[in-house]
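Peer 1: structure for this input, please:
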Amino acid sequence: MAKELTAQIKLQCPGGQATPAPPVGPALGQHGVNIGEFIQKFNAATADAQGMTIPVVISVYKDRSFDFVTKSPPAAVLLKKAAGIAKGVGAHVEEGFVGKVTKAQVREISELKIKDLNAASLDAADRIIEGTAKACGIEVVD
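Peer 2: Numbering: from 1, shown residues only. A predicted model of the protein is given here:
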């Protein structure tokens with residue numbers, strides 16, 4: 001018999017470094033989930049992505065058990081890492097570009113994110129990633 005789903009929690013946690021501190025502890029605690037167990041399983045599953053922001057969707061069931069699905073890191077995080085910058089431009093893109101990425105780097109990011117994007121092809125995924133780069137103030141060069 002299938003378990004009855006009571007909640008779905010969406011969080012972004014540092015890969016391999018999740019702690020009971022906010023946002024993890026309060027979000028899971030209010031649903032009665034064993035926080036220590038989640039942290040142990042999440043850190044083991046994301047040990048290869050140390051420090052990278054990893055989105056996770058946690059399904060909580062009526063008996064307070066849970067399972068989770070990790071997603072690929074946000075495109076902006078991957079673009080900033082590829083460009084070698086700490087942060088994007090913020091609200092005023094007109095101020096100019098703060099970094100550069102090549103089309104090959106955009107393709108690598110697209111290949112990593114294709115399963116999480118709403119794109120029919122890899123070329124469409126490239127355009128989505130290029131749009132994110134522009135919004136972050138990162139120039140895409142050949």
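
Peer 1: specify the beta-bridge partners of residue 138.
Peer 2: residue 99 (DSSP bridges).

Peer 1: thinking it is in contact with residue 96, fair?
Peer 2: No - assessed by CB atoms under 8 Å, residue 138 is found out of contact with residue 96, at 11.0 Å. The C-beta positions use only the backbone N, C-alpha and C, and glycine is treated the same way.

Peer 1: what about the strands in this protein?
Peer 2: Taking DSSP state E as the test, the strands found in the chain are 5-14, 53-61, 66-70, 99-102, 138-141.

Peer 1: adjacent strands (with direction) for the first one?
Peer 2: This points to strand 5-14. Under the criterion DSSP bridges, strand 5-14 sits next to strand 53-61 (antiparallel) in its sheet.

Peer 1: neighbour count for residue 138 and residue 96, which is higher?
Peer 2: The neighbour comparison of residue 138 against residue 96 (other CB atoms under 10 Å) goes to residue 138, with 25 against 9.

Peer 1: residues in contact with that one?
Peer 2: Contacts for residue 138 (CB atoms under 8 Å, 6 or more residues apart in numbering) come out as 79, 80, 83, 85, 88, 97, 98, 99, 100, 101.

Peer 1: swap the cut-off to 7 Å and go again
Peer 2: Going by CB atoms under 7 Å, 6 or more residues apart in numbering, residue 138 touches 79, 83, 88, 97, 98, 99, 100, 101.

Peer 1: alpha carbons of the top helix by length along the chain, as PDB, please.
Peer 2: Secondary structure assigned by DSSP state H gives helix 122-136 as the longest helix of the chain. Output in PDB follows, covering the C-alpha atoms of helix 122-136 (Å, rounded to 0.1, in the frame of the first residue of the first chain):
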ATOM      1  CA  LEU A 122      20.200  20.900 -26.000                       C
ATOM      2  CA  ASP A 123      20.200  24.100 -28.200                       C
ATOM      3  CA  ALA A 124      17.100  25.400 -26.400                       C
ATOM      4  CA  ALA A 125      18.800  24.600 -23.100                       C
ATOM      5  CA  ASP A 126      21.800  26.600 -24.200                       C
ATOM      6  CA  ARG A 127      19.600  29.600 -24.900                       C
ATOM      7  CA  ILE A 128      18.000  29.300 -21.400                       C
ATOM      8  CA  ILE A 129      21.500  29.200 -19.800                       C
ATOM      9  CA  GLU A 130      22.700  32.200 -22.000                       C
ATOM     10  CA  GLY A 131      19.600  34.200 -20.800                       C
ATOM     11  CA  THR A 132      20.500  33.400 -17.200                       C
ATOM     12  CA  ALA A 133      24.100  34.500 -17.800                       C
ATOM     13  CA  LYS A 134      22.900  37.800 -19.200                       C
ATOM     14  CA  ALA A 135      20.700  38.400 -16.200                       C
ATOM     15  CA  CYS A 136      23.700  37.700 -13.900                       C
END
